[in-house]
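1. After the sequence you'll find the predicted model.
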Amino acid sequence: MKNIQLDHSQHSVQMKRYPICLLAHDINLAVNIGSLFRLADAFALEKIYLSGNSAVPPNRKINKTSRSTHKIVPFAYAQEPLTIVKELKSDGYKIISLEITSASVDIRTFTTSLYDKICLILGDENRGVCQGLIDASDHVVHIPMLGENSSMNVASACAIAVYELVNQYQGK
């Protein structure tokens, strides 16, 4: 059988969303926010929360990078991220920051339950997740950096982390 590239009309949509949301705090590059919308749609995440100085739709660069997924992925904005965290914790979410810290755990070894609802916190492109959000987190995970650089683009890191988390839901 010949291996033929499929087009968008041949894609089947999964109706179920995973109980994972993103909290993007102080991510001011609109292209990164657009990429997060595209990732949230690709991995069937339930929602994106934007806070602080994060770029917010409608925005031309978000629109272009998201390829219209900003219209279908639910999102909300609040200036203060800890308000969002407090609300999500009261709704039973595990709060997980994606950051390299003195006590962070390799994302590949982090495990979660099939019944866990997760909020993955992403931080500023240059400074990462702020200490207040790290302190409010139930867990802090990192992606092992094998080269000389100690960080990567926030959207790329988010893709890796979400892939690992969704894989756990699918494997259980």
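-> Alright, I've got the coordinates. Numbers count the residues shown, from 1 in each chain.
2. Now the residue at minimal distance from the centre of the chain: closest residue in space that isn't a chain neighbour?
-> Note on the chain: the residue nearest the mean C-alpha position is L22, at 4.0 Å, using C-alpha atoms, centre = their mean. By the measure of C-beta to C-beta, 6 or more residues apart in numbering, the closest residue to L22 outside its immediate chain neighbours is I48, 4.8 Å from it. For the C-beta atoms, the positions are set from N, CA and C on the backbone; glycine is no exception.
3. Could you check how many residues crowd around the closest residue to E164 other than its chain neighbours?
-> Excluding the flanking residues, the one nearest E164 by C-beta to C-beta, 6+ apart is I107, at 5.0 Å. The number of residues packed near I107 is 19, by other C-beta atoms under 10 Å.
4. what's the answer for Q170, then?
-> Taking other C-beta under 10 Å as the criterion, the count of residues near Q170 is 8.
5. so it is in which element?
-> helix 154-171 (DSSP states H and E).
6. for this structure, what spans make up the strands?
-> With DSSP state E, the ranges of strands along the chain come out as 18-25, 45-51, 75-78, 93-98, 105-106, 117-122, 139-142.
7. what angle sits between the fourth one and strand 18-25?
-> With axes from the mean of the first three to the mean of the last three C-alpha atoms, to 10 degrees applied, the angle from strand 93-98 to strand 18-25 works out at 50 degrees.
8. who does strand 93-98 touch, helix- and strand-wise?
-> With contacts taken as 3 or more C-beta pairs under 8 Å, 6 or more residues apart in numbering; DSSP states H and E, strand 93-98 sits against helix 81-90, strand 117-122, helix 131-136, strand 139-142, helix 154-171.
9. tell me the most buried of the ones you listed?
-> Ranked by mean neighbour count under mean count of other C-beta atoms under 10 Å, the helices and strands packed on strand 93-98 are led by strand 117-122, which reaches a mean of 23.
10. Can you name every helix or strand that that one contacts?
-> strand 18-25, helix 81-90, strand 93-98, helix 154-171.
11. Sheet partners, orientation included, of it?
-> Sheet pairing of strand 117-122 (DSSP bridges) gives strand 18-25 (parallel), strand 93-98 (parallel).
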